[in-house]
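Novice: sequence and predicted model, in that order:
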Amino acid sequence: MRNNLGPALAVGALLVLGTGLGLALFWAPEDADQGVSQRIFYVHVPIALTAYACFGWGAWKALRLLWTREARYDLESYTAIHMGTIFGVLVLVTGSIWAKVSWGIWWSWSERQLVLFLVLFLFYSAYFMLRYSTDPGPRRANMSAVYALFGVVLIPVSFLAIRLAENFIHPVVFTREGPQMAGSMFFAFCVCLAGMLLLAAALYQAELAGKRLDARVRELREALA
Amino acid sequence: MSGGEAYVFAAYLALFVAVLGWLVIHAFKIARLSRELAELVELARRRDGKAPAPDAAEARVAGQ
């Protein structure tokens, strides 16, 4: 049976994300406080939540590896963390752009939310150093899985940091009372988030297929050598 | 374009550039894998004592 999940996800991502960005730019009302720069929210926050989802997915696959000892979970965990790191770079880039236009600075070391996300990002960047410093095999897979599981602890800390902070300039949009924005803004945000998650899923499927193909070509080369 | 609009454009552009960059890297990877696979098909044919048929191998890889 042919696997059509990848193309379906890519088409879905194109349609949903395209619609979401269109809504964010041309339909959602302009924020009374921040003006046009608030429209960065519709890419920055979905990208950040998608990065968390990718790291979480990587940790889940790592747990599955340690639980079942099935080797395929190693590649799946690695690919999810790879995607999370790409989205992590985008969080830092779009966040810095938003900070510059809203606060007049590219970065603030006194902001726990920013610093904790940077720590999370650097932690997962170090994952690749660890992974490629060890020879391929079960030992590397186990070490990578344990590392990926440790990193997942940082996700709720990073997510909740803004709520724990007392003095902050980073805005709090989602509170216990619900989203602090107009219904149309929240709808545009939800469409953007769905599109971003679909984009991450499509990229994950394509990246995973490429990595599996790479591994099989390597096996074939060794068999023919 | 106002200052605020330029920053919004830059943020959306960053997403577009990242996806495009990933696509370019992936295209190079697929091209490399296709090349390696064609080499391996040729190697396997030579091992079997069959005459190499690079055109057929290339057509098979291109048709994937």
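Specialist: Thanks, I have it. Numbers count the residues shown, from 1 in each chain, chains lettered A, B, ... in the order given.
Novice: hey, let's count contacts and neighbours off CA atoms from now on
Specialist: Fine.
Novice: just want the most central residue of chain A.
Specialist: Nearest residue to the geometric centre of chain A (CA atoms, centre = their mean): residue A:51, 1.2 Å.
Novice: so that one touches residue A:85, yeah?
Specialist: Yes: using CA atoms under 8 Å, residue A:51 is in contact with residue A:85, at 7.1 Å.
Novice: ok, residue A:98 - contacts?
Specialist: For residue A:98, the contact set (CA atoms under 8 Å, 6 or more residues apart in numbering or on different chains) comprises A:37, A:38, A:40, B:7, B:8, B:11.
Novice: before we move on, the earlier item: three-state assignment of the nearest residue to the residue nearest to the centre of chain A once chain neighbours are set aside?
Specialist: Take residue A:51 and drop its neighbours on the chain: the residue closest to it by CA to CA, 6 or more residues apart in numbering or on different chains is residue A:84, 4.5 Å away. Three-state call for residue A:84 (DSSP: H, G, I helix; E, B strand; the rest coil): helix.
Novice: tally up the residues packed near residue A:84, please.
Specialist: Residues within reach of residue A:84, counting by other CA atoms under 10 Å in any protein chain shown, total 29.
Novice: got it, and residue B:18?
Specialist: Neighbours of residue B:18 under the rule other CA under 10 Å: 15.
Novice: which helices and strands does whatever helix or strand it lives in pack with?
Specialist: Residue B:18 is part of helix B:3-47, with elements assigned from DSSP states H and E. Under the contact criterion of 3 or more CA pairs under 8 Å, 6 or more residues apart in numbering or on different chains; DSSP states H and E, helix B:3-47 touches helix A:41-68, helix A:72-103, helix A:183-224, helix B:54-62.
Novice: redo these as CSV? Include mean pLDDT and distance to residue B:34.
Specialist: What follows is the helices and strands packed on helix B:3-47, written out as CSV (pLDDT from 0 to 100; distance: least, CA to CA, whole Å):
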stretch, mean pLDDT, distance to residue B:34
helix A:41-68, 95, 28
helix A:72-103, 93, 21
helix A:183-224, 92, 10
helix B:54-62, 53, 6
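Novice: flag the shaky bits of chain B, pLDDT-wise.
Specialist: The model of chain B has pLDDT under 70 over residues B:50-64.
Novice: show the contacting residues for residue A:99.
Specialist: A:105, A:106, A:107.
Novice: what count of nearby residues applies to residue A:79?
Specialist: Residue A:79, neighbours per other CA under 10 Å, totals 25.
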